[in-house]
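Trainee: just coords:
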């Protein structure tokens, strides 16, 4: 969200991030087992609900985020979080 444009022009200027760009496609996350818990929650909530909400400085924008989530990681570097184990088919 462009805060300056929102404050000066009163417009919600949204610059698409990874989840918006992955909409109707595939999102590949390398080293998924090393992601912070907050990022895992955002990814899984967006994948399950098909929407992502971006909030900055009291401004909120909701955009579609329907994607297939594919992840990889090295188990020697850290375990996969339980909430991810429920979602991934392990091979």
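Mentor: Noted; the coordinates are in hand. What you see is a predicted model, and the numbers here were worked out from it, not measured in a lab.
Trainee: can you pull out the strands in this structure?
Mentor: Counting by DSSP state E, the segments of the chain that form strands are 25-30, 51-56, 59-64, 67-72.
Trainee: quick one: which of those strands is nearest residue 43?
Mentor: strand 67-72 (6.4 Å; C-beta to C-beta). Just so you know, the C-beta spots here come from the backbone N, C-alpha and C atoms, and that holds for glycine as well.
Trainee: now that closest one against strand 51-56, angle please.
Mentor: 80 degrees (axes from the mean of the first three to the mean of the last three C-alpha atoms, to 10 degrees).
Trainee: what's the angle from strand 67-72 to strand 25-30?
Mentor: Using the same axes, to 10 degrees, strand 67-72 lies at 20 degrees relative to strand 25-30.
Trainee: any idea of the mean pLDDT for strand 67-72?
Mentor: Averaging pLDDT along strand 67-72 gives 91.
Trainee: Check stretch 31-41 too.
Mentor: 92.
Trainee: And that stretch, how far out from the chain middle?
Mentor: 10 Å (C-alpha atoms, centre = their mean, to the nearest Å).
Trainee: thinking again about what came up before, put together a markdown table for the strands of the chain, with mean neighbour count and distance to residue 9 on each row.
Mentor: Listed next are the strands of the chain as a markdown table, based on neighbours: other C-beta atoms under 10 Å; distance: least, C-beta to C-beta, whole Å:
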| stretch | mean neighbour count | distance to residue 9 |
| --- | --- | --- |
| strand 25-30 | 13 | 31 |
| strand 51-56 | 15 | 16 |
| strand 59-64 | 14 | 12 |
| strand 67-72 | 16 | 31 |
